[in-house]
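Participant: Below are the sequence and a predicted model for it; my questions follow.
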Amino acid sequence: MAKFIFKLENILSIKYKLEDQAKAEYSIEVHKLREEQEKLDALRDKMFMFENKLTEAVKDKLDLFNIKSLEDAVENIKYNIRLQMVVVKNQEINTEKARTKLDDAMKERKIYEKLKEKAFEKFKEEVNEQEQKEINELVSFRFRSAEESED
C-alpha cells in the first residue's frame, strides 16, 4: 500500500514550534502582568496603612512632624501608584500583543492542519480508485479467462 506523504509537513512542524513559542511568550507576559498587578495592590495596601496612621496621628496629640511625614508618605505612595498603574497598563498591552501573536500562530497551524487533512482525504480517494481499478482488472481478467476456457 502507498504511504501518505504531506508535502508541507516541514512547514506544519514549524507552525507547531511557532505556536509553542508564542504560548511560552504569552505565559511569560501573563506572569509579568500578575507581578505588576501584585505590586500595585501592595502599594494600595501600603497607602491605606499610611492613611490610617495619618488619621490616628491627627486624632492623637498633635505631632506636626509626624503628621507631615505621614502626609508626605501618602502623597509619595499615590505618586508611586500612578506610576505603577502606567506600568500595569503597558504590561497589559504587551500581554495583549502576545495573545494576538498566539492567536495568529494557532490560526496558521490550523490552516496547515486542514490542508493536511484535505491532502490525506484526497490520498485515500486515490488509493481507493487505484484499488477499484485493480479489482476491475482482476475481475475482467478472470471473466476473459473463463470465457476462453469455455471455447
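Facilitator: Arrived safely.

Participant: low-confidence ranges in the chain?
Facilitator: Where the chain drops to pLDDT under 70, the residues are 1, 146, 149-151.

Participant: Which residue ranges of it form helices?
Facilitator: Taking DSSP state H, the helices of the chain run over residues 9-59, 64-150.

Participant: could you give the angle of the first one to helix 64-150?
Facilitator: This means helix 9-59. 160 degrees (axes from the mean of the first three to the mean of the last three Cα atoms, to 10 degrees).

Participant: Please compute how far helix 9-59 lies from its chain's middle.
Facilitator: 17 Å (Cα atoms, centre = their mean, to the nearest Å).

Participant: Could you do the last one as well?
Facilitator: Centroid separation between helix 64-150 and its chain, computed with Cα atoms, centre = their mean, is 9 Å.

Participant: Remind me what it packs against, helices and strands.
Facilitator: helix 9-59 (3 or more Cβ pairs under 8 Å, 6 or more residues apart in numbering; DSSP states H and E). Heads up, the C-betas are built off the backbone N, CA and C, glycines and all.

Participant: Including distance to residue 3, could the helices of the chain go into JSON lines?
Facilitator: As requested, the helices of the chain are exported to JSON lines (distance: least, Cβ to Cβ, whole Å):
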{"stretch": "helix 9-59", "distance to residue 3": "12"}
{"stretch": "helix 64-150", "distance to residue 3": "9"}
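
Participant: Would you tell me which one of the ones you listed is buried the most?
Facilitator: Sort those by mean neighbour count, taking mean count of other Cβ atoms under 10 Å, and helix 9-59 sits at the top with a mean of 15.

Participant: rewinding a little: tell me which of the helices of the chain lies nearest to residue 2.
Facilitator: Closest approach to residue 2 among the helices of the chain (Cβ to Cβ): helix 64-150, 5.8 Å.
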